[in-house]
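Student: Below are the sequence and a predicted model for it; my questions follow.
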Amino acid sequence: VIIAGGAGDNAAAACGCGVISEGTGFVSLGTSGVLLAARNGCFPAPETAIHTFCHAVPEKWYQMGVILAATDCLNWLSRITEKSPSDLSNKLSKELSGPSDVIFAPYLSGERTPHNDSLTRGAFIGLDVRHDIQNVTQAVLEGVCFALKDSLLALNKTGARVEKLFATGGGVNSKFWLKSLATILNIPLSIPKKGELGAALGAARLAIIARENMNMKNVMKEPIVEETIEPCSDLLDAYEETYRVYKNIYPSIKVLK
C-alpha cells in the first residue's frame, strides 16, 4: 500500500479544478463561501483575515477568503418562509436588471474574511412595506456576493490577482446568483462541465501522481468549461454603488453588539 501525503478540502478542490498557478482560482458557493487563489509564493497578510497555506503540490501556495454563510443564507430564508431554496431562487429572473434596494449583510454565524468577528450578526437595510419575498431573496443572494467581493479585495491586498475563476458548489444552479456574482466581482465565471468535480477528484489526482509518478502538469488539468458567465458591463457601476453602501454596514452594526 502506498502512503501518500494528501490535502485539506480546499487544497484538494483546487487540485480537482487545476487551480495550481498564479492567476487562477475558484469560488465555491457551498454552505460557506470560499474564494481561493493559487500563488507561486508565500505572501501572508494576517491583517486581511486571508488564509495562507502550502498547496498540496510542491513549491506552490494558495490563499483564500472565507465567508461563514453562503448557501446557508438561502437555507435560512427557506426555513423561515417554508419555501424550498430552489423555489425561492427560481422566482428571480435569469437576467439582471440591477441591484435590489434592500441590502443584506450575511453574517448569520459571524464572519471570517475580512472581519474575523465571530460575534457580529446579519442585518437587512432598507426594508419597507412594498418589499416582498422576491426582493428579500434577491437581497440575500446579492449580500453573499458582496461578502465574496470583500474577500476578493482582501486577496488583492496580498498581491493576488485572479484572472480566471471557476465556480463550484450548490449555488451554481442559480443563474441569477452566478450572473450577480460575476458582475459584482467583475470577473467572468467558468462553469465546469457537469460531473463530479472538486475535492474528491483532487485527492484522486494526488493518488495517481503518488502511484504512477506522473508529471503534475499532466494530471492537474483544468476542467472542461461548459459555460462562461460574463459580467453585465452596463450594470457594473450600479452594483459598485450598492457595494459602497454594503461595506459600511459592518462598522455600523459592530457598535451595536
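Tutor: Right, received. Where do you want to start? Residues are numbered from 1 along each chain as shown.
Student: quick one: secondary structure of Ala7?
Tutor: Going by DSSP: H, G, I helix; E, B strand; the rest coil, the secondary structure assigned to Ala7 is coil.
Student: for the closest residue to it other than its chain neighbours, what are its contacts?
Tutor: Nearest residue to Ala7, sequence neighbours excluded (C-beta to C-beta, 6 or more residues apart in numbering): Ala56, at 3.5 Å. All C-beta atoms are positioned from the backbone trio N, CA, C, and that covers glycine. Neighbouring residues of Ala56 by C-beta atoms under 8 Å, 6 or more residues apart in numbering: Gly5, Gly6, Ala7, Gly8, Ala11, Ala12, Ala14, Cys15, Gly202, Leu206.
Student: pretty sure Ala56 is in a strand, no?
Tutor: No - using three-state DSSP, the assignment for Ala56 is coil, not a strand.
Student: Okay, helices next: where are they in the chain?
Tutor: Listed in chain order, the helices of the chain (DSSP state H) span 9-17, 71-81, 85-90, 133-157, 175-185, 199-212, 216-219, 236-246, 249-254.
Student: Which positions within the shortest one qualify as buried?
Tutor: Neighbour-count burial for helix 216-219, counted by 16 or more other C-beta atoms under 10 Å, picks out Val219.
Student: what does it contact?
Tutor: Ile20, Val57, Pro58, Arg205, Ile208, Ile209.
Student: Likewise for the fifth one?
Tutor: The contact list for helix 175-185 (C-beta under 8 Å, 6+ apart) reads 27, 29, 89, 92-96, 138, 141-142, 144-146, 148-149, 152, 165, 167, 171-172, 188-189, 191, 229-232, 235-236, 239, 243.
Student: now with 7 Å?
Tutor: The contact list for helix 175-185 (C-beta atoms under 7 Å, 6 or more residues apart in numbering) reads 27, 29, 89, 92-94, 96, 141-142, 145-146, 148-149, 152, 167, 171-172, 188-189, 229-232, 235-236, 239, 243.
Student: just to revisit the earlier point, report the buried members of the contacts of helix 216-219.
Tutor: Ile20, Val57, Arg205, Ile209.
Student: Switch these over to CSV; also include distance to Pro223 and pLDDT.
Tutor: Formatted as CSV, these follow (distance: C-beta to C-beta, whole Å; pLDDT from 0 to 100):
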residue, distance to Pro223, pLDDT
Ile20, 13, 93
Val57, 17, 91
Arg205, 12, 93
Ile209, 17, 92
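Student: Which one of those residues is nearest to Pro106?
Tutor: Ile20 (29.9 Å; C-beta to C-beta).
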